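>>> Test case, fold it:
(chains A and B)
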Amino acid sequence: MIVPFSHVMILSGVVFVIGMFALLARRNLIMMLLGVEIMLNAAAIAFVGAALRWQDMEGHSIVLFIIAVAATEVSIGLAMIVRAHRRTGSVDPEIISLESKKEE
Amino acid sequence: MMFDILAQNPNLAVILAATLLPLAAFVVVLLFTRSRPKLSAGLSIGAMGGSLLCALFLLIRHPSMDVPLQYAGRWLISGKINIPVGFLLDPVSILMLFIVAAISFLVQVYSLGYMAGDPGFSRYFAFLSLFGWAMESLAVSPNLLQLYIFWEIVGLSSYLLIGFWYQKFSASQAGKKAFVMTRLGDIGFFLGILLLLFHTGRLDIATLAAASTGMSPSMTTLAILLIFGGIIGKSAQFPLMTWLPDAMEGPTPVSALLHSATMVAAGVFLFVRIFPFFSTSQSAMTVCLAVGTVSMLLSATMAMVSRDIKQVWAFSSISQLGFMIMGLGAGSRFAGMFHLTTHAGFKALLFLCSGVFIHHFGTNDIETLGRSGCRRQVIPMVCLVIAAAALSGVPPFSGFFSKESILSALAGLENPFWLVAGFLGAFLTAYYAFRLVFLLLFPPGGMDSNHEPAHRNWAMAAPLLILAFVSVVLGFFGKDLMQFLGSSGAGGALHKEAHRAWLTVIALAMPASGIVLAWFEFGRKSSDRKGFVERIPSLADFFSQRWYLDKFYAALVRRVVDGGLSALCAGNDRKVIDESIDTFSRSVIGAGRRVSMWHVGRLQQKLFVMFAVVMALVIYFGFNFG
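Down below sits the predicted model:
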């Protein structure tokens, strides 16, 4: 069964919007980081779909890059969140920025 | 070169010496000899004596003067405006110069005794010199602007002297009151000068005396009334009269100087000086007449109930100055100047005599003074009686002649009201003067028996004797004085005295009846020492509260100035100026804080904006190129 390209793009768009929603609406840095991951995955889906559509391997290679970038991003992002939580006792971005401002 | 000019003009040299000597004394005393009181007093008295000699020289050298002498240097020339500085010598100014120098000299000699041991002795003499210098320079000023400058210096020095004992709160208050109230009149004077300058471009007294300024009649009247405002302030006329009784806070010799030759006399002198200009407007002259009359009667009633010896004389000064202005307003320049001259003599004498009592007994209260036995001090008491008689207008003394000339000027008017007011004033004057004399001579409770013998201080006694002598004989020189003043040609033009027999009779009867009434109420053995005014408590209260003028002014100042103007200004300051700046700076701070919020935090909002912008770009480009 061949999945039509338009379906892939719709799935990608929906996942991207879900990620965006998580990024914009949640008051928790971990959930926001998850949102970013989801948006990256949505982009990866779009690349895979496009590679299938135009019979081109470049899309696959870029997805590999995306996965690598996402992994580093998560590791660095989680480290920073842990550090921020230690300093401020919170994972809310607003509270963290206020606290860090106070320390200035 | 300068000495050549002086050698060629002995008059100029003398007048320069006369006016600059006291100034030099003032500067030297204040700068160098403050710590040495004896030397300061000597310098000051010497300078004033030199000045007196110069004035005497001028007086003798010019027994009759057809053309006034004028020495002028150019000072302020701008387009049409031309104001010189210099000296103008005519009979009026020479006479005034002499009066000022003589009274100042006597007062300074007297002060040697009165102020002995005062910590501010040097300062006191410095201020007296300043006062003398300012008044002498005022007398010989050739134009109104120069006169105005010295007018203000006179005001300044009287402020300094009234508040001489500045540690006393009431004294500094009195000084301030005198300064502010006279300044109120001076605003009018200055506006008048500006008006004249604006319309004619000249302020020369000599050309003003020629009385053709080329201004429209209403403008002339306005200018005259504005200048008269300055006279009202300076000479303590109604309605700006209340500063003078408070000026008693100064040392008594200062009061003598202030009330006779300087300060208050400056106002009347200005009137005499530009009399021909004043007499061009009949309506303005009537206003002057009315103001003089009101002041004279008002302050005479105040003097009738006062218990403070200096205050009685202060009220009488206002009254007599009002009388002079009446005479001038009635059109007789000679009468006003004559009364100014005689008044300077006997009023200085009155104050100096009172000063002896105050100095000796340490109180101002008439009854206490009488009880302490001030009639045992023969010289001051006799002098006081002579001066009071002169003040009341008893025949052989000087006041009689000058008063009669004013009354005859008043009789020359069509409206008999002014003459009646003048007679009433003469009656009241005699009454209050002799009320005081009888209270001093025959005190209510009898005298205290214990008293130390009065030690005689010749520095204080000699001026009294000289002034008493002057008060006795000065009246007989009325005719000479008239000739002297009339010789300049400007004074005689409007002179319309009415010599009537009945006038002299009434002029004699009025003071006589006043003295008799005073005798019945205060002098007789069986009298109860209560005046006819004091039998009506409400009236007595009204008079002793000075017709509630002070209260009225206090209320006016509180309501209008404090409550109205200054509240408005303070409100403006606080609410508009301060508040606007505060609001502006507060909003800048707030804006900065708000802007600073943007660079930190608000992560999700920023992200939202970023996504929105990207979406918008996508839609925009998608629809354009898609």
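>>> give me the low-pLDDT residue ranges for chain B?
Judged by pLDDT under 70, chain B has its weakly predicted residues at B:1-3, B:66, B:209-214, B:444-456, B:486-500, B:525-529, B:531, B:600-601, B:625-626.
>>> And the strands in it?
In chain B, strands defined by DSSP state E lie at B:69-78, B:81-89, listed in chain order.
>>> out of the ones you listed, nearest to chain A?
Distances from chain A to each of the strands of chain B were compared using CB to the nearest CB; the shortest belongs to strand B:69-78, at 65.1 Å. No exception for glycine: its C-beta is placed from N, CA and C like everyone else's.
>>> Let me know the angle separating the closest one from strand B:81-89.
Taking axes from the mean of the first three to the mean of the last three CA atoms, to 10 degrees, strand B:69-78 and strand B:81-89 form an angle of 160 degrees between their directions.
>>> how about the CA coordinates for strand B:69-78, as PDB?
These are the backbone C-alpha positions of strand B:69-78, laid out as PDB (Å, rounded to 0.1, in the frame of the first residue of the first chain):
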ATOM      1  CA  LEU B  69      22.000 125.700  40.000                       C
ATOM      2  CA  GLN B  70      22.400 122.400  38.300                       C
ATOM      3  CA  TYR B  71      25.400 120.200  37.900                       C
ATOM      4  CA  ALA B  72      24.900 117.100  35.900                       C
ATOM      5  CA  GLY B  73      26.900 114.400  34.400                       C
ATOM      6  CA  ARG B  74      25.600 112.200  31.700                       C
ATOM      7  CA  TRP B  75      24.600 108.700  32.900                       C
ATOM      8  CA  LEU B  76      21.900 107.000  30.900                       C
ATOM      9  CA  ILE B  77      21.200 108.000  27.400                       C
ATOM     10  CA  SER B  78      19.300 105.800  25.100                       C
END
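>>> List the buried residues of that strand.
By neighbour count with 16 or more other CB atoms under 10 Å in any protein chain shown, strand B:69-78 contains the buried residues B:69, B:71, B:72.
>>> Return the residues of chain A in contact with chain B.
By the rule CB under 8 Å from any CB of the partner chain, the part of chain A lying against chain B is A:20, A:23, A:24, A:25, A:32, A:93, A:94, A:97, A:98, A:100, A:101.
>>> before we move on, back to that, can you redo the strands of chain B as JSON lines, where the extra columns are distance to chain A?
Converted to JSON lines, those look like this (distance: least, CB to the nearest CB, whole Å):
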{"stretch": "strand B:69-78", "distance to chain A": "65"}
{"stretch": "strand B:81-89", "distance to chain A": "68"}
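>>> Serialize those to JSON lines and add fields for distance to residue B:342.
Below are those laid out as JSON lines (distance: least, CB to CB, whole Å):
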{"stretch": "strand B:69-78", "distance to residue B:342": "26"}
{"stretch": "strand B:81-89", "distance to residue B:342": "23"}
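>>> Distance check, the residue most central in space within chain B against residue B:430.
Central residue of chain B (CA atoms, centre = their mean): residue B:264, 2.7 Å from the mean position. Between residue B:264 and residue B:430 the computed distance is 21 Å (CB to CB, to the nearest Å).
>>> do residue B:478 as well
When CB to CB is applied, the distance between residue B:478 and residue B:430 equals 20 Å.
>>> Kindly report the same for residue B:20.
43 Å.
>>> And residue B:64, its phi and psi?
Phi and psi for residue B:64, reported as degrees, to the nearest 10, are phi -140, psi 140.
>>> what's the neighbour count on it?
Residues within reach of residue B:64, counting by other CB atoms under 10 Å in any protein chain shown, total 10.
>>> Run a quick check on it versus residue B:484, I expect a contact.
Yes - counting by CB atoms under 8 Å, residue B:64 does reach residue B:484; the two are 7.0 Å apart.
>>> can you list residues touching both of these two?
Residues touching both residue B:64 and residue B:484 (CB atoms under 8 Å, 6 or more residues apart in numbering or on different chains): none.
>>> Would you mind listing the buried residues in stretch B:160-172?
Of the residues in stretch B:160-172, B:160, B:161, B:162, B:163, B:164, B:165, B:171, B:172 count as buried by neighbour count, 16+ other CB under 10 Å.
>>> Which parts of chain A are helices?
Using DSSP state H, the helices of chain A run over residues A:5-25, A:29-54, A:58-88, A:93-103.
>>> which of those helices is buried the deepest?
Counting by mean count of other CB atoms under 10 Å in any protein chain shown, helix A:29-54 has the highest mean neighbour count of the helices of chain A, with a mean of 18.
>>> for that one, packing partners?
Packing partners of helix A:29-54 (3 or more CB pairs under 8 Å, 6 or more residues apart in numbering or on different chains; DSSP states H and E): helix A:5-25, helix A:58-88, helix A:93-103.
>>> ok, residue B:428 touching residue B:304?
Yes - Residue B:428 is in contact with residue B:304 according to CB under 8 Å; the separation is 6.8 Å.
>>> Out of the strands of chain B, which is closest to residue B:469?
strand B:81-89 (27.5 Å; CB to CB).
>>> Would you mind pulling up the elements that that closest one packs against?
Strand B:81-89 is packed against helix B:10-31, strand B:69-78, helix B:144-162, with contacts defined by 3+ CB pairs under 8 Å, 6+ apart.
>>> most packed of these?
helix B:144-162 (a mean of 23).
>>> export that one as CSV, just CAs?
Listed next in CSV are the C-alpha coordinates belonging to helix B:144-162 (Å, rounded to 0.1, in the frame of the first residue of the first chain):
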residue,chain,number,x,y,z
LEU,B,144,13.2,111.6,39.6
LEU,B,145,15.2,108.5,38.9
GLN,B,146,18.1,109.5,41.0
LEU,B,147,15.7,110.7,43.7
TYR,B,148,14.0,107.3,43.5
ILE,B,149,17.3,105.5,44.0
PHE,B,150,18.0,107.5,47.2
TRP,B,151,14.4,107.2,48.2
GLU,B,152,14.9,103.4,48.3
ILE,B,153,18.2,103.8,50.2
VAL,B,154,16.3,105.9,52.8
GLY,B,155,13.8,103.0,53.0
LEU,B,156,16.6,100.5,53.4
SER,B,157,18.4,102.5,56.2
SER,B,158,15.2,103.0,58.1
TYR,B,159,14.6,99.3,57.8
LEU,B,160,18.0,98.7,59.3
LEU,B,161,17.5,101.2,62.1
ILE,B,162,14.0,100.2,63.0
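>>> distance between it and the chain's centre?
Relative to the mean C-alpha coordinate of its chain, helix B:144-162 is positioned 9 Å out (CA atoms, centre = their mean, to the nearest Å).
>>> ok, now stretch A:83-99?
Relative to its parent chain, stretch A:83-99 has a centroid offset of 21 Å by CA atoms, centre = their mean.
>>> First-to-last residue distance for that stretch?
Distance across stretch A:83-99, first residue to last, is 13 Å (CA to CA, to the nearest Å).
>>> How about stretch B:409-425?
When the termini of stretch B:409-425 are compared using CA to CA, they are 15 Å apart.
>>> How about residue 15: what's its closest non-neighbour residue?
With no chain named, the answer covers chain A. Sequence neighbours aside, residue A:42 is the residue nearest to residue A:15 in space, at 3.9 Å (criterion: CB to CB, 6 or more residues apart in numbering or on different chains).
>>> wait, chain B
That would be residue B:87: by CB to CB, 6+ apart, it lies 5.0 Å from residue B:15.
>>> what about the one you found, how many neighbours?
Close neighbours of residue B:87, defined as other CB under 10 Å, add up to 23.
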